[in-house]
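Trainee: coords below, sequence missing:
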């Protein structure tokens, strides 16, 4: 079990869910199938905690987070190492809880890539910690 | 972040649901970027309005705002939309696409959008020192680098939020300390429009996130300068270029900056780029002039050139001239141009239009920005040709407007 420090940008309630992880930044415009809640290279994100370094690409990517919410396929929460304007705008208009990761991204990648268990569960606790089992 | 009483009230929903959402976004983005307060802007410019880019999601979001009674609180313009008014060899877009694009445009109009253009600096000229909240890279670069106004390079949805509150966060290009060069670039003498635009693109490739101080380019025409900035904006994330002799107070700005790197860009490198991308002629191409949108002066120069040489031309290709409706070209002139296979389209942008769906096989343009984006966004290959040569194809030849 590891405990990562996080800071709320768009606050939500505590939750536990499977982690959807991407080592690389996500381009919301182009990589996301909003109707089905699937991100290319990650798989299903709906109902999961999305853990990513940051987002890249077109700024209209913000609308995709809104779309995921509208179709009921949004992640339960997003934890990102760098919360950029595209992500923040999208999280607020889509009402998706967003947290900034305070620990180093490299350490997260190390831990998650080492494990053989592909299905890791995470819990957001008091908006201050992401605990991964 | 420090908020005024009015801003607090906005955040508490006293100005309605849309304003509450908008200020929440701007404050959160500002906080993440280290801003301590908000500032008023005099002009917002929204991008990301093509149906092909934002699809139903963006359309529904924008309509949702309109339905909540959202109105822009400051003078606001928007980018051009997909070229739904266009046809190519009698092929046009489906009613579904046309209607959805019109829904986006109508919602923005109802919220108060004053114009649809990528050259908002011709609709309302920014004054030196003014604070703006602009999306659209070529416009941002023009405002900061040529007008001396201040704007960050906002994302489309963020600029929309800023338009709804008439404010942005105080940070980035709004602060003196960030309006300084980080690299110095000297360009060997260049000969023409395409070379100058290509130089902008190459500078951006070398320094994708630094403000450059650029020496050595003579911009003989305003559109050379705009083509250069637009090209730079498609390969760089920077919001400003400091241009010798053009950027207001450039001497003061360069004296404050700490230039860490110097680079000379050779004329041969620039010419090689142009040579690799040029296409002299193609019999069934779509030719495009107007990225960024043509100014009124450019439109009339081109129209005079073509019509004064008259006659139906022999090519099977078509030329689109892209501009904004404020230019006010009469329908009679447009009809006369049609005889030369020249069509004028207003308030739209071919880059954000799926030209492949119209059966376009290739685009030939005098814009390096269009060359960069058309294969990615419009779905067809693109090539370069200078404006003079393009106009010769659509007229009887002779001296060319440059």
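Mentor: Received it, and whenever you're ready, just let me know what you need. Just so it is clear, the structure is predicted and the values come from calculations on it, not from any experiment. Numbers count the residues shown, from 1 in each chain, chains lettered A, B, ... in the order given.

Trainee: how about chain B: which residue is closest to chain A?
Mentor: Per C-beta to the nearest C-beta, residue B:155 is where chain B lies closest to chain A, at 2.8 Å. C-beta: built from backbone N, CA, C; applies to glycine.

Trainee: which residue, neighbours along the chain excluded, lies closest to that residue?
Mentor: Closest residue to residue B:155 apart from its sequence neighbours, by C-beta to C-beta, 6 or more residues apart in numbering or on different chains: residue A:59 at 2.8 Å.

Trainee: now do residue A:77
Mentor: residue A:97 (4.2 Å).

Trainee: ok, residue B:297 next?
Mentor: residue B:222 (7.9 Å).

Trainee: so the one you found sits right up against residue B:295, yeah?
Mentor: Yes. Counting by C-beta atoms under 8 Å, residue B:222 touches residue B:295, with 7.0 Å between them.

Trainee: higher neighbour count, those two?
Mentor: residue B:295 (19 against 12; other C-beta atoms under 10 Å in any protein chain shown).

Trainee: where exactly do the strands run in the stretch 151-300 of chain B?
Mentor: B:167-169, B:183-187, B:212-215, B:242-243, B:261-265, B:286-294 (DSSP state E, counting those that start in this stretch).

Trainee: least confident of those strands, on average?
Mentor: Here the lowest mean pLDDT among those goes to strand B:261-265, at a mean of 91.

Trainee: may I see the buried residues of that one?
Mentor: Within strand B:261-265, the residues scored as buried using 16 or more other C-beta atoms under 10 Å in any protein chain shown are residue B:265.

Trainee: and stretch A:125-133, by the same measure?
Mentor: A:127, A:129, A:130, A:132.

Trainee: ok, what's across the strand from residue 77?
Mentor: Here I'm looking at chain A. residue A:49 (DSSP bridges).

Trainee: chain B was what I was after
Mentor: For residue B:77, the beta-bridge partners are residue B:45 (DSSP bridges).

Trainee: just the pLDDT for it.
Mentor: pLDDT at residue B:77 comes out at 98.

Trainee: where's residue A:119 relative to residue A:79, distance?
Mentor: 17 Å (C-beta to C-beta, to the nearest Å).

Trainee: which of these two has more residues huddled nearby?
Mentor: Taking other C-beta under 10 Å, residue A:119 and residue A:79 do not tie; residue A:79 has more neighbours (25 against 7).

Trainee: up against chain B, what does chain A have?
Mentor: Selection of chain A residues close to chain B by C-beta under 8 Å from any C-beta of the partner chain yields A:9-10, A:29, A:34, A:58-60, A:62-64, A:66-67, A:70, A:83-86, A:88-90, A:92-93, A:100.

Trainee: where along chain A do the helices fall?
Mentor: For chain A, applying DSSP state H gives helices covering A:28-31, A:61-70, A:85-94, A:105-114.

Trainee: show me what counts as buried in the third one.
Mentor: Spelled out, it's helix A:85-94. Those would be A:85, A:86, A:87, A:88, A:89, A:90, A:91, A:92, A:93, A:94, for helix A:85-94 by 16+ other C-beta under 10 Å.

Trainee: return the member of these nearest to residue B:53.
Mentor: residue A:86 (13.6 Å; C-beta to C-beta).

Trainee: how close does that closest one sit to residue B:249?
Mentor: 32 Å.

Trainee: what's the answer for residue B:204, then?
Mentor: For residue B:204, the distance to residue B:249 - C-beta to C-beta - is 23 Å.

Trainee: these two - which one has more neighbours?
Mentor: residue B:204 (23 against 13).

Trainee: list the contacts of that one.
Mentor: B:231, B:232, B:233, B:234, B:235, B:236, B:238 (C-beta atoms under 8 Å, 6 or more residues apart in numbering or on different chains).

Trainee: Throw the residues you listed into CSV and include neighbour count, thanks.
Mentor: Listed next are the contacts of residue B:204 as CSV, based on neighbours: other C-beta atoms under 10 Å in any protein chain shown:
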residue, neighbour count
B:231, 29
B:232, 29
B:233, 26
B:234, 21
B:235, 19
B:236, 24
B:238, 25
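
Trainee: pLDDT weak spots in the chain?
Mentor: Reading this off chain A. Scanning chain A for pLDDT under 70 picks out the ranges A:115-117.

Trainee: oops, I was thinking of chain B
Mentor: Using pLDDT under 70, the flagged stretches of chain B are B:310-314, B:396-402.

Trainee: before we move on, back to that, which ones among the buried residues of stretch A:125-133 map onto strands?
Mentor: A:129, A:130, A:132 (DSSP state E).

Trainee: any idea how many residues pack against the residue of chain A at minimum distance from chain B?
Mentor: Here chain A gets closest to chain B at one residue, residue A:59, 2.8 Å apart by C-beta to the nearest C-beta. For residue A:59, the tally of surrounding residues (other C-beta under 10 Å) stands at 25.

Trainee: with residue B:128 instead?
Mentor: Residue B:128 - counted by other C-beta under 10 Å - has 10 other residues nearby.

Trainee: kindly report the same for residue B:12.
Mentor: 10.

Trainee: next, the contact list for it, please.
Mentor: By C-beta under 8 Å, 6+ apart, the neighbours of residue B:12 are residue B:20.

Trainee: swap in 10 Å and give it another go.
Mentor: B:20, B:23 (C-beta atoms under 10 Å, 6 or more residues apart in numbering or on different chains).

Trainee: need the phi and psi values for it.
Mentor: Main-chain torsions, residue B:12, degrees, to the nearest 10: phi -90, psi 10.

Trainee: not counting sequence-adjacent ones, nearest residue to residue A:99?
Mentor: Nearest non-adjacent residue to residue A:99 (C-beta to C-beta, 6+ apart): residue A:6, at 4.1 Å.

Trainee: okay, and the beta partners of that neighbour?
Mentor: Counting by DSSP bridges, residue A:6 forms beta bridges with residue A:101.

Trainee: relative to residue B:390, how far out is it?
Mentor: 55 Å.

Trainee: out of the helices of chain A, nearest to residue B:63?
Mentor: Of those, nearest to residue B:63 by C-beta to C-beta is helix A:61-70, at 12.0 Å.

Trainee: now do the contacts for the residue nearest to residue B:297.
Mentor: B:146, B:295, B:297, B:298.

Trainee: any chance of a PyMOL selection covering the buried ones in those residues?
Mentor: Burial among the contacts of residue B:222 is assessed by 16+ other C-beta under 10 Å; the matching PyMOL selection reads:
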select buried, chain B and resi 146+295+298
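
Trainee: just the contacts of residue B:222: which are in helices?
Mentor: Using DSSP H, the members of these that fall in helices are B:297, B:298.

Trainee: chain neighbours aside, what residue packs nearest to residue B:112?
Mentor: residue B:72 (3.9 Å).

Trainee: and that neighbour, that's in a strand?
Mentor: No. Inclusion of residue B:72 in a strand is not indicated when DSSP: H, G, I helix; E, B strand; the rest coil is applied; the result is coil.

Trainee: my guess is it contacts residue B:167, does it?
Mentor: No. Counting by C-beta atoms under 10 Å, residue B:72 does not reach residue B:167; the two are 11.8 Å apart.

Trainee: what do the two both touch?
Mentor: Both residue B:72 and residue B:167 are in contact with residue B:44, where contact means C-beta under 10 Å, 6+ apart.
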